[in-house]
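Novice: Only the shape, not the letters, is given here:
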């Protein structure tokens, strides 16, 4: 006992669980003591998530001091407390631990909660300086507060004097932030990044950002932090852990889509602390799970972040760089406002009105009396979406025949909407050369000659079969009218503006009208045949009249779904359902990301992938607006994958507080700067632009 008291100081105010935790941590860490001072050959920064009980008075520091000291002895460079650790009075601040950070020479994320439900978190440098101070008001509105104004009266005077200055460990001018001028929405604002030194790497720093509670559910927070220079995003949680399924997959996706590490620190009793990195595991090809969800016990968890792997993925992997490209998404930035009638929070009123306005063609479709027709044609009241998981054939003629045959089968099974895989008229790259090094690219240019013309939207957009129109789209339109089924028909399109062809889809309604033609905005820069295509420059939605009633849909193609801004733009334009034509191997992380697109935008999503051919190997998925699984295709075979969507339940959820707040967008300058940030690649392997936004 005397040895424990010598290590930790008087124990009269130390909770027994913290005493036990501190003892175990120190005794277990002896063999790695001093590791932080050695040469860091792997570029690893180790965080320690202290999953402790919360609600501790700011006057009771012995237990947490012992835990921080023990985690420092174990080699950690940053200790992270769960959200709401301290109970904060009017004059209290989580920065009360600044002297502990300085004495132990370890950075600390300290947190607190007020009686009004507010939350606060501070990032303290290893000399006790407050680098970041993030707080919530308890009303769902988020703000960044002045660290000097919130200094605790329990804080030693010498540290109060240091609160307003930058740590000597930070690079001068390295803190970057993007201010939200509106400040009237939830899900966070004023995202700032501080820089901490990488141990054993003189001159190298790691960017760290803070989020509170469930701010990570809104994509713009981690996105803005990444663009401000964050390598690691720390989320201090104070409530229930993200449940298995959509919420947990959304947290995992934040690491992937921004190519960063994300760490969630939860209280004991709630559990569910977890951490992910946006790099691929070399064995599984999946994302790296650094810390799987934890049990509810009091414990400290080491979270090693391999910065070298993270930075290499950002700079050398084409997909790792392209995921982070900041686009000029004008409709999210206030430069090109979406018509009010098509905004997501007003969609339900539009859908229930006596008439529905087609936002693409200014055509009004009467809905009076449609309920009886819908009930007669679709007694279940559910929308039947069928994804044709087909293999590419050896010719365009055979692709056409396979599409016709399977659409007829789907219609006979009650399909309302049918989706085909990406570029199905040419079988994606199946009819292109297998290597981009083909001499003189002759084969690729022969492939681009297969492009078909489809110049406009509207009922006569692609016209009848003829020299100036797409025979594939025209055949799909005729089939849609014959079978009374809507079809998303992917094809290689002659660019209306001239130049290389475009990777496109035609959205055809059940009367054979081409409602919308969309060209892929985010071309896959890592694909040989797509290197020969030009990107599109807009997203759009349209209204489909189905047996289950009118529904607003938005098309995307393959890589579009990997950028959170694209589905958000469609949600802003009123999309209830996003239809995706796809051509790639769908790993677990692809499915997690796609599921997140549904969850974060409160929309349903459905995707048709190729099947029965390696590596484009099925798993065509569909998810509901809450991220619930509607269907997932079987890998390794051709099949028709059916998802049934209850429109009444979809629309009821979309007006809930959770759905409305989650899909709100914020016009952050980080996402809206019309100049591209240096350091990001914007061309494909042939030197052509890889996107059109």
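Specialist: That came through, no problem. Here the structure is a predicted model, which means the values were calculated and not measured.
Novice: Any regions of the chain where pLDDT drops low?
Specialist: 1-42, 137-189, 282-285, 316-322, 325-380, 433-445, 455-469, 525, 665-693 (pLDDT under 70).
Novice: What is the longest helix of it by residue count?
Specialist: Using DSSP state H, we find that the single longest helix of the chain is helix 396-412.
Novice: Now do it: which elements does it pack against?
Specialist: Counting contacts by 3 or more Cβ pairs under 8 Å, 6 or more residues apart in numbering; DSSP states H and E, helix 396-412 packs against strand 382-389, strand 417-419, helix 471-483, strand 639-646. (Glycine included, C-beta is placed from N, CA and C.)
Novice: These: which one's closest to residue 102?
Specialist: With Cβ to Cβ as the measure, strand 639-646 is the member of the helices and strands packed on helix 396-412 nearest residue 102 (56.6 Å).
Novice: could you point out which element follows the closest one?
Specialist: The element immediately downstream of strand 639-646 (helix or strand, assigned by DSSP states H and E) is helix 647-654.
Novice: which parts of that next one are buried?
Specialist: Neighbour counts over helix 647-654 (16 or more other Cβ atoms under 10 Å) mark 647, 650-651, 653-654 as buried.
Novice: One more: stretch 619-636?
Specialist: Residues of stretch 619-636 classed as buried by neighbour count (16+ other Cβ under 10 Å): 619-628, 630-633.
Novice: TSV please, covering the buried residues of helix 647-654 and showing distance to residue 293.
Specialist: Converted to TSV, the buried residues of helix 647-654 look like this (distance: Cβ to Cβ, whole Å):
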residue	distance to residue 293
647	34
650	29
651	32
653	25
654	28
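Novice: Looking at these, which is nearest residue 239?
Specialist: If you rank the buried residues of helix 647-654 by distance to residue 239 using Cβ to Cβ, residue 653 comes first, at 20.7 Å.
Novice: circling back: could you dump the buried residues of stretch 619-636 into CSV and include secondary structure?
Specialist: Converted to CSV, the buried residues of stretch 619-636 look like this (DSSP: H, G, I helix; E, B strand; the rest coil):
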residue, secondary structure
619, coil
620, coil
621, strand
622, strand
623, strand
624, coil
625, coil
626, coil
627, coil
628, coil
630, strand
631, strand
632, strand
633, coil
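Novice: Relative to residue 99, which of those is nearest.
Specialist: Once Cβ to Cβ is applied, the member of those that ends up nearest residue 99 is residue 627, at 43.9 Å.
Novice: Double-check the closest one against residue 601; I have them as touching.
Specialist: No: using Cβ atoms under 8 Å, residue 627 is not in contact with residue 601, being 10.3 Å away.
Novice: could you show me where the helices are in the stretch 1-150 of the chain, in order?
Specialist: With DSSP state H, counting those that start in this stretch as the criterion, the stretch 1-150 of the chain has helices at 2-8, 16-29, 62-73, 98-104.
Novice: do the stretch 401-550 of the chain as well
Specialist: Assigned by DSSP H, counting those that start in this stretch, the helices in the stretch 401-550 of the chain fall at 442-448, 471-483.
Novice: rewinding a little: nearest to residue 61, of the buried residues of helix 647-654?
Specialist: Nearest member of these to residue 61, counting by Cβ to Cβ, is residue 653, at 44.9 Å.
Novice: Does the closest one touch residue 663 like I think?
Specialist: No: under the criterion of Cβ under 8 Å, residue 653 is not in contact with residue 663, lying 11.2 Å apart.
Novice: Overlap in contacts, these two.
Specialist: Both residue 653 and residue 663 are in contact with residue 602, where contact means Cβ atoms under 8 Å, 6 or more residues apart in numbering.
Novice: list the contacts for residue 585?
Specialist: Taking Cβ under 8 Å, 6+ apart, we find residue 585 in contact with 615-617.
Novice: ok, residue 272 to residue 301 distance?
Specialist: Using Cβ to Cβ, to the nearest Å, one obtains 12 Å as the distance from residue 272 to residue 301.
Novice: cool, residue 102 as well?
Specialist: 24 Å.
Novice: so who does residue 217 touch?
Specialist: 187, 247, 250, 599-600, 662.
Novice: just to revisit the earlier point, output the helices of the stretch 401-550 of the chain as a markdown table; include the columns mean neighbour count.
Specialist: Below are the helices of the stretch 401-550 of the chain laid out as a markdown table (neighbours: other Cβ atoms under 10 Å):
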| stretch | mean neighbour count |
| --- | --- |
| helix 442-448 | 15 |
| helix 471-483 | 21 |
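Novice: ok, residue 296 - how many residues close by?
Specialist: Other residues near residue 296 come to 15 when the count uses other Cβ atoms under 10 Å.
Novice: which residue sits closest to it, ignoring its sequence neighbours?
Specialist: In this structure, residue 296 finds its nearest non-sequential neighbour in residue 271, 3.6 Å apart by Cβ to Cβ, 6 or more residues apart in numbering.
Novice: Surely that neighbour touches residue 298?
Specialist: No: if you go by Cβ under 8 Å, residue 271 and residue 298 don't touch, sitting 10.1 Å apart.
Novice: Common neighbours of these two, please.
Specialist: The contact sets of residue 271 and residue 298 overlap at residue 51 (Cβ under 8 Å, 6+ apart).
Novice: residues bridging contact with residue 272 and residue 301, i.e. touching both?
Specialist: residue 294.
Novice: what ranges do the helices span in the stretch 151-300 of the chain?
Specialist: Using DSSP H, counting those that start in this stretch, the helices of the stretch 151-300 of the chain run over 157-160, 220-227, 246-258.
Novice: Pick the most deeply packed of the ones you listed.
Specialist: Per-stretch averages of neighbours, counted by mean count of other Cβ atoms under 10 Å, single out helix 220-227 among the helices of the stretch 151-300 of the chain, with a mean of 26.
Novice: just checking, what packs against it?
Specialist: Partner elements for helix 220-227 (3+ Cβ pairs under 8 Å, 6+ apart): strand 191-197, strand 205-212, strand 232-236, helix 246-258, helix 669-672.
Novice: Can I get these in TSV including distance to residue 394?
Specialist: TSV is the format used below for the helices and strands packed on helix 220-227 (distance: least, Cβ to Cβ, whole Å):
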stretch	distance to residue 394
strand 191-197	51
strand 205-212	50
strand 232-236	47
helix 246-258	35
helix 669-672	44
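Novice: Ok, which of those comes nearest residue 584?
Specialist: helix 246-258 (14.4 Å).
Novice: before we move on, the earlier item: looking at the helices and strands packed on helix 396-412, which is nearest to residue 254?
Specialist: Using Cβ to Cβ, the helices and strands packed on helix 396-412 put strand 639-646 closest to residue 254, at 25.6 Å.
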